[in-house]
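Novice: Build the 3D model from these lines:
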Amino acid sequence: MENIALKIQKFILKIGSILKINSDNVDKSKKIEYKIYNPVFISPIQPNPKDLITDEIKKLSSNPTKQKSVHKIVLGNYLGIVTDPNLSGTTVNIEFAISNGKSYPLVIKGVSGELQGGELNFKGFFKFFDEGRQRIPDLTRRFPTLVASNGADRLEVILENLDKELITKGDLEGKLLVLTGENEVIQEEFILSVDDSMIKLIKDTKDLSKRKGIPLVFDAMIKS
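Specialist: Numbers count the residues shown, from 1 in each chain. Got it, this is the predicted structure:
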């Protein structure tokens with residue numbers, strides 16, 4: 001049998017670029033275009049790529065149960081505000097702990113968020129390094145994830161809205177929503193207070209991010 005050699009080339013994904021894919025098996029006049037939203041989300045071009053977890057959370061939240069959840073969310077004290085020269089809209093980091101009040105493992109299917117009524121869709125996990133001074137996407141962790149029976153877990157997630165800048169001056173109401181394998185939505189609300197000095201800090205951080213050509217993040221305190 002003739003040996004088959006694989007030609008492997010470096011593939012650089014630039015966020016926001018268009019990836020055109022042709023196939024030898026289809027009409028050359030037809031090609032599929034994909035937009036690269038982030039390193040782990042490449043989608044066929046469409047006006048607004050749907051987040052199915054967010055849609056499911058919305059559907060369940062519109063008809064909430066009256067029974068109090070035995071699970072609990074505790075938010076961290078800070079919301080990480082990310083500025084990225086390659087992305088518009090709003091990107092935030094949020095840390096939280098979740099406890100499982102049942103005697104069997106709890107499945108977490110996904111999360112979403114809201115800020116000033118605007119959607120924040122799940123982008124991925126992140127992790128700290130360099131003694132907490134820096135953070136990077138954690139591509140080793142994905143949903144669904146498990147919380148041990150009568151146990152707890154800590155999660156660090158990136159949420160984003162690709163279209164809207166949701167951080168403006170004022171006391172901004174937000175919430176984190178967690179979807180379980182039992183189709184239960186657990187949520188925790190918070191307030192992000194934004195004054196003139198924070199607006200200036202966001203602008204200065206955006207300018208620095210553009211000059212350096214790298215994403216930057218700073219932590220703003222929240223009340224929950």
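Novice: C-alpha only now, for contacts and for neighbours.
Specialist: Fine.
Novice: count of neighbours near the closest residue in space to I53 that isn't next to it in sequence?
Specialist: Leaving out its chain neighbours, the residue that sits closest to I53 by CA to CA, 6 or more residues apart in numbering is G110, at 6.2 Å. Residues lying near G110 (other CA atoms under 10 Å) number 22.
Novice: repeat for F129
Specialist: Counted with other CA under 10 Å, the neighbours of F129 add up to 9.
Novice: and it, what are its bridge partners?
Specialist: Beta-bridge pairing for F129 (DSSP bridges): Q134.
Novice: Just confirm P215 contacts P85, I think it does.
Specialist: Yes: look at P215 against P85 with CA atoms under 8 Å: they come within range, at 6.5 Å.
Novice: what residues do the two have in common as contacts?
Specialist: S209 (CA atoms under 8 Å, 6 or more residues apart in numbering).
Novice: By mean pLDDT, point me to the weakest helix or strand of the protein.
Specialist: One helix or strand of the chain scores below all others by mean pLDDT, DSSP states H and E: strand 41-44, with a mean of 50.
Novice: name the helices or strands packed onto the helix or strand just after it?
Specialist: Remark: after strand 41-44, the chain's next helix or strand is helix 52-61, criterion DSSP states H and E. Applying 3 or more CA pairs under 8 Å, 6 or more residues apart in numbering; DSSP states H and E, one finds that helix 52-61 contacts strand 106-115, strand 170-180, strand 185-194.
Novice: From the rest of the structure, what touches the longest one?
Specialist: Pointing back at strand 170-180 there. Contacts with strand 170-180, where a contact means CA under 8 Å, 6+ apart, come from 53, 57, 106-117, 185-195.
Novice: The residues you listed, buried ones only, as a PyMOL selection?
Specialist: Applying 16 or more other CA atoms under 10 Å to the contacts of strand 170-180 leaves a buried subset, and the PyMOL line that selects it is:
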select buried, resi 53+57+106+107+108+109+110+111+112+113+114+115+185+186+187+188+189+190+191+192+193+194
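Novice: Heading C-terminal from whichever strand or helix holds I136, find the next helix or strand.
Specialist: Taking DSSP H and E as the definition, one finds I136 inside strand 134-138. Per DSSP H and E, the first helix or strand lying C-terminal to strand 134-138 is strand 145-147.
Novice: Okay, now the sheet partners of that following strand, with direction.
Specialist: strand 106-115 (antiparallel).
Novice: Please write out the alpha-carbon positions of the partner strand in PDB.
Specialist: The C-alpha trace of strand 106-115 is given here as PDB (Å, rounded to 0.1, in the frame of the first residue of the first chain):
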ATOM      1  CA  LEU A 106     -24.800  18.000  39.900                       C
ATOM      2  CA  VAL A 107     -24.300  18.600  36.100                       C
ATOM      3  CA  ILE A 108     -23.600  22.200  35.000                       C
ATOM      4  CA  LYS A 109     -24.600  22.500  31.300                       C
ATOM      5  CA  GLY A 110     -23.600  26.100  30.900                       C
ATOM      6  CA  VAL A 111     -23.800  29.700  32.100                       C
ATOM      7  CA  SER A 112     -24.900  33.100  30.800                       C
ATOM      8  CA  GLY A 113     -25.200  36.600  32.200                       C
ATOM      9  CA  GLU A 114     -27.000  39.900  31.900                       C
ATOM     10  CA  LEU A 115     -25.900  43.500  32.400                       C
END
